[in-house]
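Participant: Coordinates only, no sequence provided:
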């Protein structure tokens, strides 16, 4: 892939505020979070279901087939990315962020066109990571980790509800979920909006 310009592109919806105490997580919970994060990263690596992998596979696939619907999605994504860059340069960062969000969704539109099973496959990877982490935690005290896992379960429920009518939206939510687990230590340590942080990390798209 050729990287031509770096602007934030983010996935849709469902922002949630983090309500963590100011004292921060206990050292023992951070240790658990580190091991849980490694489990999530291992699942993401072995199942190849991160946003980076899907975008890489998309452009590999388009080198071998000229899918008109996928190409149309990418053309719209390019246009939205240019609009986002113009808005950013004009100082309107919220408009730039929203346009970037729409651009990324158009890239996911192309992913789903070329790989129709992407939402199901990514959702299954999130479920696998959740199961491994929850088995590892057992009955240990880990309130911050468990709150984040509960939110990831909510994202999975929302994705499953969308998968028949909006597979792009379902894929976006599943990718957000796996990104949160992939960076679990940061999400446990820092009091921030988990969804927005995960979305903002999935920001480089090149085509």
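Facilitator: Structure's in. What do you need? Please read all numbers here as calculations on a predicted model, not as lab measurements. Numbering: from 1, shown residues only.

Participant: Which residue ranges of the protein form helices?
Facilitator: 27-47, 51-64, 68-89, 93-114, 118-137, 143-162, 167-182, 184-189, 194-201 (DSSP state H).

Participant: most tightly surrounded among those helices?
Facilitator: helix 167-182 (a mean of 26; mean count of other CB atoms under 10 Å). For the C-beta atoms, the positions are set from N, CA and C on the backbone; glycine is no exception.

Participant: and the gap between the most centrally placed residue in the chain and residue 31?
Facilitator: Relative to the mean C-alpha position of the chain, the nearest C-alpha, by CA atoms, centre = their mean, is the one of residue 176, at 2.7 Å. Look at residue 176 and residue 31: by CB to CB, to the nearest Å, they are 25 Å apart.

Participant: follow-up on the earlier one: for the residue nearest to the centre of the chain, what are its contacts?
Facilitator: 11, 155, 195, 198, 199, 202 (CB atoms under 8 Å, 6 or more residues apart in numbering).

Participant: Can you give me the distance of the fourth one to residue 147?
Facilitator: In this case it means residue 198. 15 Å.

Participant: ok, now the fifth one?
Facilitator: As defined by CB to CB, residue 199 lies at a distance of 19 Å from residue 147.

Participant: and what of residue 181?
Facilitator: From residue 181 over to residue 147 (counting by CB to CB), the distance is 13 Å.

Participant: can you count the residues close to residue 165?
Facilitator: 8 (other CB atoms under 10 Å).

Participant: Chain neighbours aside, what residue packs nearest to residue 80?
Facilitator: Nearest residue to residue 80, sequence neighbours excluded (CB to CB, 6 or more residues apart in numbering): residue 103, at 3.9 Å.

Participant: So for residue 181 and residue 147, which residues contact both of them?
Facilitator: Common neighbours of residue 181 and residue 147 (CB under 8 Å, 6+ apart) do not exist.

Participant: lowest confidence element among the helices and strands of this structure?
Facilitator: Ranked by mean pLDDT, DSSP states H and E, the weakest helix or strand in the chain is helix 194-201, scoring a mean of 82.

Participant: Pull the distance from that helix to the chain's centre.
Facilitator: 7 Å (CA atoms, centre = their mean, to the nearest Å).

Participant: Just the angle for it relative to helix 167-182, thanks.
Facilitator: 100 degrees (axes from the mean of the first three to the mean of the last three CA atoms, to 10 degrees).
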